[in-house]
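Visitor: my questions are about this predicted structure, shown below with the sequence.
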Amino acid sequence: MNKNLLLIFTRNPELGKAKTRLAKTVGDETALEIYKFLLERTKSIASKVSSDKAVYYSVKIRENDIWNENIFQKHQQVGEDLGIRMLNAFKNGFDAGYKKVMIIGSDLYDLSSENIEKAFTALDKNDVVIGPAIDGGYYLLGMNSFQENIFKNKDWGTETVRQDTLADLEDKKVFLLTELNDVDVFEDIGHHPAFQQFLR
């Protein structure tokens, strides 16, 4: 068994439920197309990473979708907020015997498999690795032992998440990756070359 596990959190791609903040500008159908495009991108990046991989679905586990069961373990997210859902996914990973567990979302075009491999390597000498997102959250979180407290008492989806998380980790060694931008609103994609095909 590989000692590293990459968790991928996804939302089931359904019209009217994908990228709702972006949809206010581009409409539900285009927002869904963009989210499917980001899912394909995430799958492609994750497939190149040398760890084991697990997809966590927001609503329902899908068979015969873009996530090949031979490559990606499939799970259901469990918990009343994002923090508890992540906590449960990390706990599952450590309970299964993995030594390094890392999570990414599925709405970041600019992430690369090299970023993720670098993050796993950073955990050789650090307790936690964080990929800071421009909006004040994070696009990647990894650890080599279960840090339960960082998933609690956060105002998820706000600009304070990263600073509150770092405050919880004051006594730990934290490695920060390059800051990247995830896709939430129109301003995140308006000038990005990869998204112009959707904005004509």
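Guide: Received it, and whenever you're ready, just let me know what you need.
Visitor: list the contacts of the longest helix anywhere in the chain.
Guide: Using DSSP state H to define each element, the chain has its longest helix at helix 28-47. Here helix 28-47 makes contact (Cβ atoms under 8 Å, 6 or more residues apart in numbering) with 6, 8, 10-11, 13-16, 18-20, 22-23, 26, 53, 66-67, 71-72, 104-109, 111-113, 116, 183, 189, 195, 198-199. C-beta coordinates here come from the backbone N, C-alpha and C atoms, glycine included.
Visitor: filter those residues to the buried ones?
Guide: Neighbour counting with 16 or more other Cβ atoms under 10 Å marks 6, 8, 10-11, 13, 18-19, 22-23, 26, 53, 67, 72, 104-109, 111, 116, 183, 189, 195 as buried within the contacts of helix 28-47.
Visitor: next step: the residues you listed restricted to strands.
Guide: 6, 8, 10, 53, 72, 104 (DSSP state E).
Visitor: quick one, grab the pLDDT at the second one.
Guide: Per-residue pLDDT puts I8 at 98.
Visitor: which residues in the protein form helices?
Guide: 20-26, 28-47, 82-95, 113-122, 161-168.
Visitor: just the C-alphas of the fourth one, formatted as PDB.
Guide: Output for helix 113-122, consisting of C-alpha atoms alone and laid out as PDB, is shown next (Å, rounded to 0.1, in the frame of the first residue of the first chain):
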ATOM      1  CA  SER A 113       0.700  17.500 -10.000                       C
ATOM      2  CA  GLU A 114       4.200  18.900  -9.200                       C
ATOM      3  CA  ASN A 115       2.600  21.200  -6.600                       C
ATOM      4  CA  ILE A 116       1.000  18.200  -4.900                       C
ATOM      5  CA  GLU A 117       4.100  16.000  -5.000                       C
ATOM      6  CA  LYS A 118       6.100  18.900  -3.500                       C
ATOM      7  CA  ALA A 119       3.500  19.200  -0.800                       C
ATOM      8  CA  PHE A 120       3.900  15.500   0.100                       C
ATOM      9  CA  THR A 121       7.700  15.800   0.200                       C
ATOM     10  CA  ALA A 122       7.400  18.900   2.400                       C
END
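Visitor: tell me what angle that helix forms with helix 28-47.
Guide: With axes from the mean of the first three to the mean of the last three Cα atoms, to 10 degrees defining the directions, helix 113-122 sits at 50 degrees from helix 28-47.
Visitor: go on, the last one?
Guide: Using the same axes, to 10 degrees, one finds that helix 161-168 and helix 28-47 are set 40 degrees apart in direction.
Visitor: report all helices and strands that helix 161-168 contacts.
Guide: strand 128-132, strand 138-143 (3 or more Cβ pairs under 8 Å, 6 or more residues apart in numbering; DSSP states H and E).
Visitor: and the longest one, what other elements does it pack with?
Guide: Read that as strand 138-143. So strand 138-143, by 3+ Cβ pairs under 8 Å, 6+ apart, packs with strand 100-104, helix 113-122, strand 128-132, helix 161-168.
Visitor: enumerate the positions of the third one that are buried.
Guide: What it means is strand 128-132. Quick answer for strand 128-132 (16+ other Cβ under 10 Å): 128-132.
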